[in-house]
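Trainee: need a structure here:
(2 chains)
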Amino acid sequence: MTGRQTIIPFGPQHPVLPEPIHLDLVVEDEHVVSAIPSIGYVHRGLESLVDRREYQDFVFLAERICGICSFTHSSTFCQGIEGMMGIQVPSRATYLRTMWGEYSRIHSHLLWLGLFADSLGFESLFYQAWKIRESILDELEATTGGRVIQGVCKVGGVRRDVSNSFLSEMDDRLDEIEDEMKDLTNVFLNDYTLTKRLIGKGVLSKEDAYYLGAAGPTARGSGLELDARSTGYLAYGDIGFKPVVEKGGDGYARCAVRCRELFQSVEIIRRVITDMPDGEFFTAVKGNPDGEYFSRSEQPRGEVIHYLKGNGTKNLAQFRVRTPTLTNIPPLVSILAGCELADVPQIVLTIDPCIGCMER
Amino acid sequence: MFPYEPLENFEGTRGHLVFDPSKCTSCMMCMKRCPSQAITVQRAEKIWTLDRFRCVMCGNCVDVCKFDVLSMEREYAKSATPAERSVEIYEITYVKPERPKKETAE
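Mentor: Predicted structure coming up:
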C-alpha cells in the first residue's frame, strides 16, 4: 500500500467515548496503520489529598475516583487499611461487601453493553440495557442509600446492615432481572448484524495479551485465566470462584466474556444471600495506620491495586492506585494497528475505557 | 399522553442534610470530618453554615455528631443556577442547661 499517511485525531470529545482520551490515528486510505495515545485530560490529583484528610474520611474520596467502579475502589481501600492495621472484619460485613460488589459489577457491565450498542449505532438496544440497569440501581439505592456512589464501606466493616427478610426479597427479584438479561444478551451474541461487525475485528492473541499486560475481560477474552477473585479475598474464598474465559481474542469474545460474567455474578449473589452469616457488621477501630500494604481486588474492568503507606499519624503518607484501564492501553494500541477506520470506535470501547479511574 | 408520576426513592436514601439548631453544642466535629469541607461553624458568633452544592451527601457528619443534631432526609437536593447558589446560614439556638452546683466537702 503506497498511499500517503494522514493523521486523524480521535477524541477527547467524541460521541462514542464515555470519557476523554485522545488517539492520533495514522491512516492510509481508511486503514489504520498505528495509533498514538495521549492521556491526562481528567487528572484531578486525588492521590495528593491523603495528607489533608484523615484516613477514615478518605474512604469517601476514594469512592469518588470513578463513578462506575466506585464500590470496588472504596472496598479495596478499606481492605488495605484493615490489612495494614491488622483489623479483623466480621464475616457478615465481608459477605455484604461481596454482594454489593457483584451488584456493582452487573451495573457496570450493563452500562458497558449499552455504550457498546450505542457505538455500533444500535440505540434502542442501548436504552434496553440501561432500563435493566435501573432495576439494579434501585436495589443498590434501597440497601445502601446511593445509586451510583454507595457510601457504605468504612474501615472496620460496613455502615449499614440489610435485614434477612429484605435479602430474600432481593433474591426473588433477581429471577426477573436474570430473565431480562437473558433476552438482552441473546441479541448481543446472536444478532446477524452484530456478529458480522464484531467477529474477527480487533484480534488480540494470547501471547500479546500476556506480554502487553492486558487485564480483566480484555485478557480473559483472549484465553488468559487472569482474575483477582481467584485469590480468595472477601467471601470468594468460601464460595469458590472460576474465571470466565473465551478463546476468540476479538471484539465478539470480549463482549461474550462480559455477557457471561453477568450471569456468573447473579449466581454469586444468590450464593452469598443463602450463606449470609449472622452477627455484627462492623468493628471499632482504634489507632493509626503504620507500614505498607498492597491491596488487590477485581474491578469490572480488571485487577486494581491500591498501594497504601502509613507513618503512624492520622493521615496516610502515600496512596497510589493502579487501575486496569492504564494497563489495557498498550493492548489497545496494538489492536488498532491494521484495523479499518470505521471499526475504531467499537474497538476502543471493547477494552472498556474508564479514564476517570485511570488518571485520578 | 405518557402517564407521568413523580419518582419515588427509598426509605434509606441519602437525599439532603437537615440541621437542628436547638441541639448543636458547637463541638465542630462535623466541620473537621466533612470530606468536601461544606460545613463551617463559628463558635463565638453561634453560626453554622452549609454549602449545599459542596455537600456530597456522604453522611459522615451524621455518623460523627454525638448529639443527634444532623440527619438525612430522603428527598433529593434541589438544583439551582450558579447565580442562585449561596451558603445556607443557621443560628445556633442551643442553651446549655444549668446544673446544680456540687457541694464540696470541706
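
Trainee: Quick check: bridge partners of the most centrally placed residue in chain B?
Mentor: When Cα atoms, centre = their mean is applied to chain B, the residue found nearest the centroid is residue B:19 (3.7 Å). Beta bridges link residue B:19 to residue B:70, judged by DSSP bridges.

Trainee: need the contact list for it.
Mentor: Taking Cβ atoms under 8 Å, 6 or more residues apart in numbering or on different chains, we find residue B:19 in contact with B:48, B:50, B:69-70, B:90. Where you see a C-beta, it was placed from the backbone N, CA and C, and this is true even at glycine.

Trainee: Give the helix, strand or coil label for whatever residue of the stretch 151-300 of chain A ends up closest to chain B.
Mentor: The nearest approach of the stretch 151-300 of chain A to chain B comes at residue A:151, 5.1 Å away (Cβ to the nearest Cβ). The local conformation at residue A:151, judged by DSSP: H, G, I helix; E, B strand; the rest coil, is coil.

Trainee: So for it, what's the nearest residue that isn't a sequence neighbour?
Mentor: Nearest in space to residue A:151, with sequence neighbours left out and distances taken as Cβ to Cβ, 6 or more residues apart in numbering or on different chains, is residue B:58 at 5.1 Å.

Trainee: Would you mind measuring from the one you found to residue A:141?
Mentor: 15 Å (Cβ to Cβ, to the nearest Å).

Trainee: out of the two, which sits in the more crowded spot?
Mentor: Per other Cβ atoms under 10 Å in any protein chain shown, whichever of residue B:58 and residue A:141 has more neighbours is residue B:58, with 27 against 18.

Trainee: my read: that one touches residue A:62, true?
Mentor: No. Taking contacts as Cβ atoms under 8 Å, residue B:58 lies outside contact range of residue A:62: 11.7 Å.

Trainee: Spit out the contact partners of residue 55.
Mentor: I'll assume chain A. A:81, A:155, A:288-289, A:310, A:314-316.

Trainee: nope, chain B please
Mentor: Residue B:55 neighbours (Cβ under 8 Å, 6+ apart): B:16-17, B:34, B:36, B:38-39, B:77.

Trainee: Narrow these to just the buried residues.
Mentor: B:16-17, B:34, B:36, B:38-39 (16 or more other Cβ atoms under 10 Å in any protein chain shown).

Trainee: now, which of those residues lie within strands?
Mentor: The strands, defined by DSSP state E, take in B:16-17, B:39 from the buried ones among the contacts of residue B:55.

Trainee: Between these, which sits nearest residue A:33?
Mentor: Of all those, residue A:33 sits closest to residue B:16, with 53.6 Å by Cβ to Cβ.

Trainee: now that closest one: how far from chain A?
Mentor: 12 Å (Cβ to the nearest Cβ, to the nearest Å).

Trainee: Local confidence estimate at residue A:128?
Mentor: We have a pLDDT of 92 for residue A:128.

Trainee: ok so, going back, narrow the contacts of residue B:19 to just the buried residues.
Mentor: Here, 16+ other Cβ under 10 Å leaves B:48, B:50, B:69-70 buried among those.

Trainee: List the buried residues of the host helix or strand of residue A:261.
Mentor: Per DSSP states H and E, residue A:261 falls inside helix A:251-274. By neighbour count on 16+ other Cβ under 10 Å, the buried set for helix A:251-274 is A:251-262, A:264-266, A:268-273.

Trainee: Which SSE is immediately downstream of it?
Mentor: That would be, after helix A:251-274 and using DSSP H and E, strand A:290-299.

Trainee: buried sites along that following strand?
Mentor: So, applying 16+ other Cβ under 10 Å, buried residues of strand A:290-299: A:293, A:295-299.

Trainee: Quick check: of those, which lies closest to residue A:16?
Mentor: Nearest to residue A:16 out of those is residue A:299 (Cβ to Cβ; 21.8 Å).

Trainee: Just the pLDDT for the closest one.
Mentor: At residue A:299, pLDDT is 92.

Trainee: Equivalent analysis for residue B:70, please.
Mentor: Value for residue B:70, per-residue pLDDT: 90.

Trainee: Wait, residue A:118 touches residue A:124, no?
Mentor: No. Residue A:118 sits out of contact with residue A:124 when judged by Cβ under 8 Å, with a separation of 10.0 Å.
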